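**Q** sequence? don't have it. structure:
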């Protein structure tokens, strides 16, 4: 009994000298948000084939998780540094989930979020001799609007556990164990007919953080040091989440020569935004013209005009989120759109063939639609010049702000190194543990 007690106390004390690389669960939720727009976290996923069923739709220094979610109409979106990938199917032969901590590359547009794992991808490419290896921070759409179905999307059946592609960090395991999605039904938007409004739905996500620590040494006066003994601490957090409607209000998409917010204004008096592009520099600004706000403005210095296109050149796309815009690549038939206004509500609708890339005006019920042909010639309206853009505040030298640290400082080998001070497992006060050991000696002598 005395020996067992000493081993137990020795294990507690030895853990006080062990430095692990675990970080608080809340920090993980900050860098890997559970919910982004209409998507929820799927995990950190590696592909030795570069995700062959995905398409890179955007590459910009503005990239973060929100920007990529706004850019992707597919079932999955994934980020890798400044690149955004969009897809509907994962290749089970070449892709697999890896440790969440290996997605540790800060997003260039938001250093508090992670966009894939460049170090892990480089190591995977070296070890597997697969130069196309990519590691994505991957999210899956909560509800597939294209099919308007009410079934749950259970991705837990698709745990991509391919033996050759499984990587584990030695000290920390982080799992998303249970995801329940509850759909309360659809409210169809009769104005558009082809697209329902987002259903009122909730879902819960159970996050289990597992910290495994191994005793490597003990103080010299511990008689029975349990070297190699492992202890495990499990923390489980269950959260009920709902998509935030404010997220969708920050998104504007332009197809061809027309732009519209994802959440259309359904009232007569709304604050509209127009999108202005000067070369590749695009941005939204408030527009008071209630008739021309949706027209894309192209400027060359102070010389501006409304964008007009025809044929394939209309298959172009600009995405703006939270005041920042980028020109992107269309995903599938995404850019096959026409712009339709029904009373005060305007938006993009899917189309086919010669019916695409047109501008139509209908009555409030969506009937009696009439095309509005583009204006050509010298008498066409000219857009008002852009308003002066607000400049970022100049840096102050009196109280400089320290730079934001990277999400996960890494070693040169692509694996996270400890980011927290030494943690005492099993006790929060080292002095109390030492006192307990000394009292045990006195008691048994």
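**A** Happy to help now that I have it. The model shown is predicted, which means the values in this text are computed figures rather than measured ones.

**Q** what are the ranges of the helices in the stretch 251-400 of the chain?
**A** For the stretch 251-400 of the chain, no helices are identified by DSSP state H, counting those that start in this stretch.

**Q** Sorry, slip of the keys, the one I care about is the stretch 51-200 of the chain.
**A** 65-71, 118-128.

**Q** Nearest to residue 88, out of these?
**A** For residue 88, the closest of those is helix 65-71, at 14.7 Å, according to Cβ to Cβ. Every residue, glycine included, has its C-beta placed from N, CA and C.

**Q** Tell me the buried residues in the closest one?
**A** 65, 66, 67, 68, 69, 70, 71 (16 or more other Cβ atoms under 10 Å).

**Q** Turn these into a markdown table, including distance to residue 379 and pLDDT.
**A** Formatted as a markdown table, the buried residues of helix 65-71 follow (distance: Cβ to Cβ, whole Å; pLDDT from 0 to 100):
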| residue | distance to residue 379 | pLDDT |
| --- | --- | --- |
| 65 | 46 | 98 |
| 66 | 42 | 97 |
| 67 | 39 | 98 |
| 68 | 42 | 98 |
| 69 | 42 | 98 |
| 70 | 37 | 97 |
| 71 | 37 | 98 |
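
**Q** Neighbours of residue 364, how many?
**A** Burial measure for residue 364: 11 neighbouring residues, criterion other Cβ atoms under 10 Å.

**Q** which residues sit in contact with the closest residue to it other than its chain neighbours?
**A** For residue 364, ignoring the flanking residues on the chain, the nearest one in space by Cβ to Cβ, 6 or more residues apart in numbering is residue 343 at 3.8 Å. Taking Cβ atoms under 8 Å, 6 or more residues apart in numbering as the contact definition, residue 343 lies against 362, 363, 364.

**Q** how near is the last one to residue 92?
**A** Read it as residue 364. Separation of residue 364 from residue 92 (Cβ to Cβ, to the nearest Å): 48 Å.

**Q** Phi, psi for the nearest residue to residue 49 once chain neighbours are set aside please.
**A** What sits nearest to residue 49 in space, not counting adjacent residues and going by Cβ to Cβ, 6+ apart, is residue 94, at 4.0 Å. Torsion angles at residue 94 (phi, psi; degrees, to the nearest 10) stand at phi -120, psi 0.

**Q** Would you confirm that residue 94 contacts residue 46?
**A** No: using Cβ atoms under 8 Å, residue 94 is not in contact with residue 46; the gap is 9.1 Å.

**Q** The two: who's more crowded?
**A** Comparing residue 94 with residue 46 by other Cβ under 10 Å, the one with more neighbours is residue 46, at 31 against 22.

**Q** What helices and strands are in contact with the helix or strand containing that one?
**A** Residue 46 is located in strand 39-47, with elements delineated by DSSP states H and E. Packing contacts for strand 39-47, counted by 3 or more Cβ pairs under 8 Å, 6 or more residues apart in numbering; DSSP states H and E, involve strand 76-80, strand 95-98, helix 118-128, strand 134-141, strand 172-183, strand 201-214.

**Q** rank these by pLDDT, which is bottom?
**A** Mean pLDDT per stretch puts strand 172-183 lowest among the helices and strands packed on strand 39-47, at a mean of 40.

**Q** contacting residues for residue 32?
**A** Counted by Cβ under 8 Å, 6+ apart, residue 32 has contacts 41, 100, 103, 113, 114, 137.

**Q** And these, which is closest to residue 336?
**A** Nearest member of the contacts of residue 32 to residue 336, counting by Cβ to Cβ, is residue 137, at 29.2 Å.

**Q** surely that closest one meets residue 69?
**A** No: here residue 137 lies out of contact with residue 69, judged by Cβ under 8 Å, at a distance of 11.0 Å.

**Q** coming back round to it: distance of the residue nearest to residue 49 relative to residue 130?
**A** 8 Å.

**Q** Report the set of residues contacting both of these two.
**A** By Cβ under 8 Å, 6+ apart, the residues touching both residue 94 and residue 130 are 48, 49.

**Q** ok, back up a step: and the average pLDDT for the strand holding residue 46 is what?
**A** Rounded mean pLDDT across strand 39-47 is 96.

**Q** List the buried residues for that strand?
**A** For strand 39-47, by 16+ other Cβ under 10 Å, it's 39, 40, 41, 42, 43, 44, 45, 46, 47.

**Q** Put together a markdown table for those residues, with distance to residue 370 on each row.
**A** Listed next are the buried residues of strand 39-47 as a markdown table, based on distance: Cβ to Cβ, whole Å:
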| residue | distance to residue 370 |
| --- | --- |
| 39 | 37 |
| 40 | 42 |
| 41 | 45 |
| 42 | 45 |
| 43 | 49 |
| 44 | 51 |
| 45 | 48 |
| 46 | 52 |
| 47 | 48 |
